[in-house]
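Enquirer: Model the structure of this input:
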Amino acid sequence: MRRQWTSTAGIVITALLSLFLVVPVLLSVYAGLAVNYARGPSAGFTLDWVGQVWGLYADTVWRSLVVALLTLVVTLLIGVPGAYALVRKGGRFARAVEEIVTLPVAVPGLALALALILSYGGAGAFRQSTLFVVVGHVLFTLPFMMRSVIAVLETIDWRTLDEGAASLGAPAWRRFIDVILPNVRPGIVAGALTVVTLSIGEFNLTWMMHTPMTKTLPVGLADAYASMRLEIASAYTIVFLVMVIPLLIGVQLVADFTEKRTAS
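Expert: Okay, the predicted model is just below:
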């Protein structure tokens, strides 16, 4: 009886916490669809606010998508081999490198952005390009990709797998692609979802680094909340959700499809 009560209490607490987190999102969606939020549902609903947001800020939506995908590609190319190299090396040196890579997470986004501007602000074309924002996002999200892969590597006997493939004559690069990568796929998927989510929603660092020509969706959202009526700003939230949710589902579906093909 006590175990059942504890289980029921856990479910109720989880449901209340979930409701606490979801209600503000639902209210933002409602405000973005309402003709007049202050007048309530009696004023009716419309998609005009969403249309206005798309007309004003469509470029920020596509730019955020491009930045997130480029960030994901770079973190995959650097983070997955880097995580494997650190686990393979081991010892104090590997631990020190891991801590250094994690530093951008501990440093405030504004401070990291200022450091990048001081370092590379003189490179005019690069400073004003979207790639400059991508660099900041990579520095911020790379630790999450590496930690996800390292966590999986520490739970499997990768050394035995690697030595077994080596005994069959497989070169190092082939062992990494055919043996290590399939076994760390859960960490790669978890890291990819985290990187995409953080990149699309990143504001502090991007706000400091962006120019009028490299504005991303969160920066545009902040501008909309500061300078426009509530309905338009909330419609921007709807556009944000419509972009993020399918993207995250797509990443998961691609991972599941790849896993099924590998298993077959």
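Enquirer: C-alpha only now, for contacts and for neighbours.
Expert: OK.
Enquirer: check contacts around Val105.
Expert: Phe140, Thr141, Pro143 (C-alpha atoms under 8 Å, 6 or more residues apart in numbering).
Enquirer: Oops, could you answer that again for Leu72 instead?
Expert: Per C-alpha under 8 Å, 6+ apart, neighbours of Leu72: Val138, Ala192, Val195, Val196.
Enquirer: quick one: it from Asp178, how far?
Expert: Using C-alpha to C-alpha, to the nearest Å, we find Leu72 at a distance of 21 Å from Asp178.
Enquirer: what's the answer for Pro171, then?
Expert: In terms of C-alpha to C-alpha, Pro171 sits 11 Å off from Asp178.
Enquirer: Can you name the helix or strand that Leu69 falls in?
Expert: Using DSSP states H and E, Leu69 maps to helix 48-89.
Enquirer: quick one, domains of the chain?
Expert: 1-46, 48-263 (automatic domain parsing).
Enquirer: what's the most buried one of these?
Expert: Neighbour counts (mean count of other C-alpha atoms under 10 Å) averaged over each of these peak at domain 48-263, with a mean of 17.
Enquirer: mind putting the domains of the chain in TSV, mean pLDDT included?
Expert: Listed next are these as TSV, based on pLDDT from 0 to 100:
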stretch	mean pLDDT
domain 1-46	81
domain 48-263	84
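Enquirer: re earlier: so which two of the contacts of Leu72 are the farthest from each other?
Expert: Val138 and Ala192 (12.0 Å; C-alpha to C-alpha).
Enquirer: And the helices in the chain?
Expert: Per DSSP state H, the chain carries helices over the ranges 2-33, 48-89, 91-106, 109-120, 124-127, 130-153, 158-167, 172-175, 181-183, 185-201, 204-209, 217-227, 230-263.
Enquirer: Using a markdown table, please lay out the ones you listed together with distance to Pro41.
Expert: Shown next, in a markdown table, are these (distance: least, C-alpha to C-alpha, whole Å):
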| stretch | distance to Pro41 |
| --- | --- |
| helix 2-33 | 9 |
| helix 48-89 | 15 |
| helix 91-106 | 42 |
| helix 109-120 | 39 |
| helix 124-127 | 46 |
| helix 130-153 | 40 |
| helix 158-167 | 58 |
| helix 172-175 | 61 |
| helix 181-183 | 51 |
| helix 185-201 | 30 |
| helix 204-209 | 35 |
| helix 217-227 | 22 |
| helix 230-263 | 13 |
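Enquirer: Alright, that wraps it up for me.
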